[in-house]
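A.B. asks: attaching a predicted model along with its sequence, questions to come.
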Amino acid sequence: MRHILKLHRSLEEPIAHIPHNYQFITFDPEIHDQAWLDLNNLIFAAHPDQGNWAMADLENRMQEPWFDPKGFFLCVHNGKIAGFCWTKIHQDFVNQDPIGELYVIGVDPGESGMGIGKAVCTEGLIYLKEKGIKQAMLYVDDDNEAGKGLYRTLGFN
């Protein structure tokens, strides 16, 4: 049985950019949609929710009221997407401040171990903080030890 954890962290303390040799840009659906979709499906090939997406799945998410391409960060190296962090802001809670989510995070398996995940997630957290969000959250499968380790280094618990 699948067990999913919901982790949180405060965004009230300063967050510093992580220097990296790769370029960080924001998602442009006119340019990046197919390349992102291909990488997403490679990374999440065995994942029950995030894998095997069709273009319609991506297009449906981009039609959601929460979608903002400025909060969808790509790490690019040699003209290819090496990793990404897609954020989401939940504004629909009653009697509660909005909360930012690191919605989908992925790193090309061929680029693993280069610090891309931590750097691109940090860009997402900085974006949420700059939007005035005070709290961030994410979901991770309990058996995803690498993901949980990364998120702990980012201050999630």
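C.D. replies: Thanks, I have it.

A.B. asks: please name the residues that touch residue 11.
C.D. replies: Residues near residue 11 by CB atoms under 8 Å, 6 or more residues apart in numbering: 100, 125, 128, 129, 133, 134, 135, 136. Any C-beta I mention is one placed from the backbone N, CA and C, and that applies to glycine too.

A.B. asks: which residue sits closest to the fifth one in space, ignoring its chain neighbours?
C.D. replies: Put plainly, it is residue 133. Nearest non-adjacent residue to residue 133, counting by CB to CB, 6 or more residues apart in numbering: residue 100, 4.0 Å away.

A.B. asks: give me phi/psi at the one you found?
C.D. replies: phi -90, psi 140 (degrees, to the nearest 10).

A.B. asks: is residue 57 located within a strand, as I assumed?
C.D. replies: No: Residue 57: not assigned to a strand; according to DSSP: H, G, I helix; E, B strand; the rest coil it is helix.

A.B. asks: OK, contacts around the spatially most central residue of the chain?
C.D. replies: Of all residues in the chain, the one closest to the mean position by CA atoms, centre = their mean is residue 85, 2.6 Å from it. Residue 85 sits next to 72, 73, 102, 104, 105, 120, 121, 123, 124 when contact means CB under 8 Å, 6+ apart.

A.B. asks: ok, of these, which come out buried?
C.D. replies: Buried by 16 or more other CB atoms under 10 Å: 72, 73, 102, 104, 105, 120, 121, 123, 124, out of the contacts of residue 85.

A.B. asks: the residues you listed: which two are farthest apart?
C.D. replies: Spatial extent of those (CB to CB) is set by the pair 104 and 123 at 13.9 Å.
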